[in-house]
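[1] what follows is a protein structure lacking sequence information:
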């Protein structure tokens, strides 16, 4: 029955019963909110740690990429200089250095790539 009917106002008992039903529903909602809050609070340290781990990994990747770029640019400059000087021994030394660097870089990538 609604609070109001077409011919009369709701009685005090009807209002009290409606209030009790609303309070029961509010209690259910409050319990659900409390459970959600508790769940979010318990997840917070996990999320914080995951963000910290991700930030550290991004920094490691950025540092490694920067080092690789610097290495490649350095070798390219040395190769240009050796070619400009027409120095076959210097070119051969750079080929050896590049091969060693490629091997080390490949090993570092494998070592720092998480297993799927």
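    Here it is on my side, so go on. This one's a predicted model, so the numbers in the text were calculated from it and none came from an experiment.
[2] run through the helices of the chain in chain order.
    12-84, 88-111 (DSSP state H).
[3] where does the chain have low pLDDT?
    1-6, 116 (pLDDT under 70).
[4] how much space is there between residue 88 and residue 8?
    Using Cβ to Cβ, to the nearest Å, residue 88 is found at 110 Å from residue 8. Where C-beta positions appear, they are placed from N, C-alpha and C, glycine not excepted.
[5] and what of residue 69?
    Applying Cβ to Cβ to residue 69 and residue 8 gives a distance of 84 Å.
[6] gap between residue 55 and residue 67?
    For residue 55, the distance to residue 67 - Cβ to Cβ - is 19 Å.
[7] go on, residue 38?
    If you go by Cβ to Cβ, the gap between residue 38 and residue 67 works out to 45 Å.
[8] what's the burial count for residue 94?
    19 (other Cβ atoms under 10 Å).
[9] surely it touches residue 79?
    Yes. The criterion here is Cβ atoms under 8 Å, and residue 94 meets it with residue 79 at 5.2 Å.
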